[in-house]
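Student: Here is a sequence with its predicted model. Questions after.
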Number of protein chains: 2
Amino acid sequence: MNYPIESSSPNTLEVTQRTKIRRSPQRGQYDRTLIYQILDEGLICHVGFVVEGQPFVIPTAYGRVDDRLYLHGSPASRMLRTLQQDVEVCVTVTLLDGLVLARSAYHHSMNYRSVVVFGKATVVEAEQEKFEALRAFTEHVMPDRWAEVRIPSRQEMSGTLVLALPLTEASAKMRTGGPLDDEADYTLPVWAGELPLRLTTNAAIPDSHLLSGIGIPAYVQDYNRS
Amino acid sequence: MNYPIESSSPNTLEVTQRTKIRRSPQRGQYDRTLIYQILDEGLICHVGFVVEGQPFVIPTAYGRVDDRLYLHGSPASRMLRTLQQDVEVCVTVTLLDGLVLARSAYHHSMNYRSVVVFGKATVVEAEQEKFEALRAFTEHVMPDRWAEVRIPSRQEMSGTLVLALPLTEASAKMRTGGPLDDEADYTLPVWAGELPLRLTTNAAIPDSHLLSGIGIPAYVQDYNRS
């Protein structure tokens, strides 16, 4: 299923049967830079896996280092126990950028950027790679945080299962811009356009046990995802 | 796999083998009101299905009417073609509420509310239900919009495939609150707390072909998801 069906350039991923965008193919992209931008901006992914024919879709955090996507959690997690058994996984990250309001109900849409990754995950055994992956989880969610926190102990390291998924078979899909209405509908007296959406923060809530005199770090105060 | 393993009350969904929350069970909920609140606040779901053993996870819009979740799209979509073949589906909706910053890297977390729905989807054939589902898609994304737009024509209706998934086997999972650190770490001079996240809007962008004199509707201007 995963043999290449189109040739690739260094920065373009090979298109395979399962990454080929079939619906609205003009929205499909295989550019590694774009795919990594979407993965780096997202905060959670949805992991799809199969247990006895039943699909499961579980939201979870992730990190990326170069051409590898990392997942982690408790060794007891059903998801991680399943994924390390040499099975196919699908990881999807979606950023919602706006609501597209057309003059007809039919042409309403959303602007989004999404990435779908296919492949098999493997357990990260090497201590150094595992440590770098754990750093990537923290830095992915909150850049500059790692340098301030207590790093994982040996016990925490061994109590965390880290899986790596190679970013070799992936595609991006996106929609941008305003509505596209039927020609006859442009005369309707209906407001149409785009309502952009973005993830923003409310004021940080200090932990009730915070030592006195510790201010909110700049990377929290100025947090901006995009 | 879907026989009940705990008894239910009228507003509580039965817990089944596949909806039982195994990791952090204290975060699991089966209350119908909570599940519907999460579904109604979310804008996109991630649909998981299996084709020849391969899991796919596709982001898409949805709507809810009473105890049914609706999906829709082109009859040519691989996802919809697959889902109407009496196969198991998993639909997940995730709302990200905040980043939880602990004193140790290990205890970093996220606050979230998610719903996972299992079941089989069926094609909605009845015109009236199909029409109500299409209304639900629009009203779900943008309340009050339906009354202003051109409603679906007969041709658009027949060109849209609508699937219904019963909301009988579902669970919610959520985390709220600040970090929980190891006892010894509370003396570390590290800022800890929660950074709340929310979806917000930027200024609406009117379509370039908008007729003159049509202002931005209040339901767009004052759009607030939560």
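Tutor: Perfect, I can see it now. Numbering: from 1, shown residues only, chains lettered A, B, ... in the order given.

Student: Thought residue A:69 was touching residue A:117, still the case?
Tutor: Yes - with contacts counted by C-beta atoms under 8 Å, residue A:117 reaches residue A:69, the gap being 6.2 Å. Where C-beta positions appear, they are placed from N, C-alpha and C, glycine not excepted.

Student: shared neighbours, those two?
Tutor: Common neighbours of residue A:117 and residue A:69 (criterion: C-beta atoms under 8 Å, 6 or more residues apart in numbering or on different chains): A:91, A:165, A:167.

Student: Adding secondary structure and distance to chain B, write these out as a markdown table.
Tutor: Formatted as a markdown table, those follow (DSSP: H, G, I helix; E, B strand; the rest coil; distance: C-beta to the nearest C-beta, whole Å):
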| residue | secondary structure | distance to chain B |
| --- | --- | --- |
| A:91 | strand | 7 |
| A:165 | strand | 13 |
| A:167 | coil | 16 |
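
Student: so can I have TSV of those showing neighbour count and pLDDT?
Tutor: What follows is those, written out as TSV (neighbours: other C-beta atoms under 10 Å in any protein chain shown; pLDDT from 0 to 100):
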residue	neighbour count	pLDDT
A:91	26	98
A:165	25	98
A:167	20	97
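
Student: Tell me the one of those nearest residue B:130?
Tutor: residue A:91 (33.0 Å; C-beta to C-beta).

Student: For the nearest residue to residue A:175 once chain neighbours are set aside, give me phi and psi.
Tutor: Leaving aside its sequence neighbours, residue A:175 sits nearest to residue A:111 (C-beta to C-beta, 6 or more residues apart in numbering or on different chains; 5.1 Å). In terms of degrees, to the nearest 10, the main-chain angles of residue A:111 are phi -90, psi 140.

Student: Which helix or which strand is home to the residue nearest to the spatial centre of chain A?
Tutor: For chain A, the residue nearest the mean C-alpha position is residue A:93 (3.2 Å; C-alpha atoms, centre = their mean). For residue A:93, the element it lies in under DSSP states H and E is strand A:88-101.

Student: the helices in chain A, which residues?
Tutor: Remark: helices assigned in chain A by DSSP state H are A:32-41, A:78-83, A:127-141, A:154-158, A:218-221.

Student: Going by mean pLDDT, which of these comes out lowest?
Tutor: Among these, helix A:78-83 carries the lowest mean pLDDT, a mean of 92.

Student: helices and strands around that helix, which ones?
Tutor: strand A:44-51, strand A:54-61, strand A:68-73, strand A:161-166 (3 or more C-beta pairs under 8 Å, 6 or more residues apart in numbering or on different chains; DSSP states H and E).

Student: Switch the helices of chain A over to a markdown table; also include mean neighbour count.
Tutor: Formatted as a markdown table, the helices of chain A follow (neighbours: other C-beta atoms under 10 Å in any protein chain shown):
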| stretch | mean neighbour count |
| --- | --- |
| helix A:32-41 | 17 |
| helix A:78-83 | 19 |
| helix A:127-141 | 18 |
| helix A:154-158 | 12 |
| helix A:218-221 | 14 |
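
Student: how close does the residue lying farthest from the centre of chain A get to residue A:81?
Tutor: Farthest-out residue of chain A from its mean C-alpha position, per C-alpha atoms, centre = their mean: residue A:187, at 39.9 Å. Distance, residue A:187 to residue A:81, by C-beta to C-beta, to the nearest Å: 59 Å.

Student: partners of the lowest-mean-pLDDT helix or strand in chain A, with directions?
Tutor: None of the helices or strands of chain A scores lower by mean pLDDT, DSSP states H and E than strand A:28-29, at a mean of 83. Counting by DSSP bridges, the strands paired with strand A:28-29 are strand A:169-175 (antiparallel).

Student: quick check: angle from the strand it pairs with to strand B:54-61?
Tutor: Orientation check (axes from the mean of the first three to the mean of the last three C-alpha atoms, to 10 degrees): strand A:169-175 against strand B:54-61 gives 10 degrees.

Student: Measure how buried residue A:171 is and give me the count.
Tutor: Residue A:171 has 22 neighbours, counted by other C-beta atoms under 10 Å in any protein chain shown.

Student: Does it touch residue A:115 like I think?
Tutor: Yes - with contact defined as C-beta under 8 Å, residue A:171 and residue A:115 form a contacting pair (7.1 Å).

Student: Identify the contacts common to those two.
Tutor: residue A:35.

Student: for chain A, what are the low-confidence residue spans?
Tutor: Chain A contains residues with pLDDT under 70 at A:1-10.
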